[in-house]
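*Asks:* Whatever this is, show me its structure:
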Amino acid sequence: MTISYRTATTDDAALMSALGSATFVETFGHMYSADNLAKFLENHSAANWAVELADPAYAVRLAFDGERAIGYTKFGPPHLPFEPEAGRVAGELRQLYVLSGFHGGGIAVTLTDWLVAEARARGVQDLYLSVFTENPRAQAFYRRYGFYEVGRYSFMVGDHADEDLVMRCKLDD
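*Replies:* So this is what the prediction gives:
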């Protein structure tokens, strides 16, 4: 297996729609009704991805096994319900997904290392993310990067609310 990486472009909107939907369904799809899942997956439309991929406030890195996209991470401006510390520049790790057949191979580490470097290059001092309260593996992964809990919020999938942790990492420590 030879894994390669590249930054996504606006030409990748359809690819990101398919990969974003597939990774979310694989990871969390069993938790939701068909209606709630379908409503949530509208967020992963090619049109929505095209808007974000064209916006310089976002950056997306893809992982490939040969020609097959198998994972990605997305950096963006903060949107979580938190108050950034006054005078500090905040950014957000919006998504990090790797297809399950590729877990444990260091792909998430490579993608996260890229995202942290991207955030630093943009002058971000505080990087935030949200993670499902019942996903201890992901929480442990983020803690290794220095993320710590700063709050909780309701992550909506259709009309279903999940409790997520909001985590912060000070990149200038």
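*Asks:* what's the residue minimising distance to the centre of the chain sitting at in phi/psi?
*Replies:* The residue lying closest to the centre of the chain (CA atoms, centre = their mean) is residue 95, at 0.6 Å. Dihedral angles phi and psi of residue 95 (degrees, to the nearest 10) take the values phi -150, psi 150.
*Asks:* I'd assumed residue 74 was in contact with it.
*Replies:* Yes - taking contacts as CB atoms under 8 Å, residue 95 lies within contact range of residue 74: 4.5 Å. In short, each C-beta sits where N, CA and C put it, glycine included.
*Asks:* Can you tell me how far the residue nearest to residue 54 when sequence neighbours are not counted is from residue 46?
*Replies:* Using CB to CB, 6 or more residues apart in numbering and skipping residues adjacent in sequence, the residue nearest residue 54 is residue 10, 5.1 Å away. Residue 10 is 11 Å from residue 46, where distance means CB to CB, to the nearest Å.
*Asks:* and the two? which has more neighbours close in?
*Replies:* Remark: of residue 10 and residue 46, residue 46 carries more neighbours, 16 against 12, as counted by other CB atoms under 10 Å.
*Asks:* after the helix or strand bottoming out on mean pLDDT in the chain comes which helix or strand?
*Replies:* Among the helical and strand segments of the chain, the one scoring lowest on mean pLDDT, DSSP states H and E is helix 34-41, with a mean of 86. Elements were assigned by DSSP states H and E; along the chain past helix 34-41, the next helix or strand is helix 46-54.
*Asks:* starting at the chain centroid, how far to the least confident helix or strand of the chain?
*Replies:* Between the centre of helix 34-41 and the centre of its host chain there is 19 Å, according to CA atoms, centre = their mean, to the nearest Å.
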